[in-house]
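Undergrad: okay, here's the prediction I keep looking at, along with the sequence it came from:
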Amino acid sequence: MQFALRPFDASDADWLIAENAAHYARSDGFDDSFGVLVSEIVTDFLSDHDPSREAGWVADDDGTRLGHIFCVQHDAHTAKLRLFFVVPAARGRGVAQGLLDQCLGFARNAGYRGMTLWTHESHKAAGCIYRRNGFSRVDARPAHSFGVDLVEETWTITL
C-alpha cells in the first residue's frame, strides 16, 4: 500500500474527531465523552502548539485519510504521543509503523529525551507495536472511562 505522511491541519479536524468517535463507539462501546475528549485535544493543538516541539501527521493515500498521530510536549524533556489511530481498512499495511517512526523521529529531533503515552489494554495491536518499538508498559490500572470499564495503560520509551 502506498501512502504519504503529511502535516495535520485544521481541514483534518472534523474527520479525525468523527472517525475516532464512531470507531471507538463501535469497537469498544465508548460513549460520547470520548469524542468530546478528542475534540478538546484537537482544538487545543490547533489553537496553541509550538511547531518546533509539537506536530501532528496524517497518513494519506491520494486524498484518502488512513490514520494520524501527534507528538506534543508532556514536560521539558518528555514528549507525549497522542491520538494514534489507523483506520481498520489500512491496518496491517505499514501505516501504523510509518506514523510511529515519524513521531519518534520528530521527538528525537526536537530534543526530547523520552516519550510517554496513555492507552487501554484492550488495544492489543497498539501494545504490540509499542513493545516492538522499544516502549515499556510502566503502569496499568482499572478505570471507568467513556462509559465502560477499562484497564488504562501508560507506556514510556527513552529516546
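TA: Structure's in. What do you need?
Undergrad: roughly how far apart are the residue sitting nearest the centre point of the chain and residue 144?
TA: The chain has residue 84 as the residue nearest its centroid, 2.0 Å off, counting by Cα atoms, centre = their mean. Per Cβ to Cβ, to the nearest Å, residue 84 is found 23 Å from residue 144. No exception for glycine: its C-beta is placed from N, CA and C like everyone else's.
Undergrad: please apply the same query to residue 103.
TA: The value you get for residue 103 to residue 144, if Cβ to Cβ is used, is 29 Å.
Undergrad: quick check, residue 156 in a strand?
TA: Yes: secondary structure of residue 156 (DSSP: H, G, I helix; E, B strand; the rest coil): part of a strand.
Undergrad: helices and strands of this protein: which one has the lowest mean pLDDT?
TA: None of the helices or strands of the chain scores lower by mean pLDDT, DSSP states H and E than helix 124-132, at a mean of 92.
Undergrad: buried stuff in that one?
TA: 126-127, 129-130 (16 or more other Cβ atoms under 10 Å).
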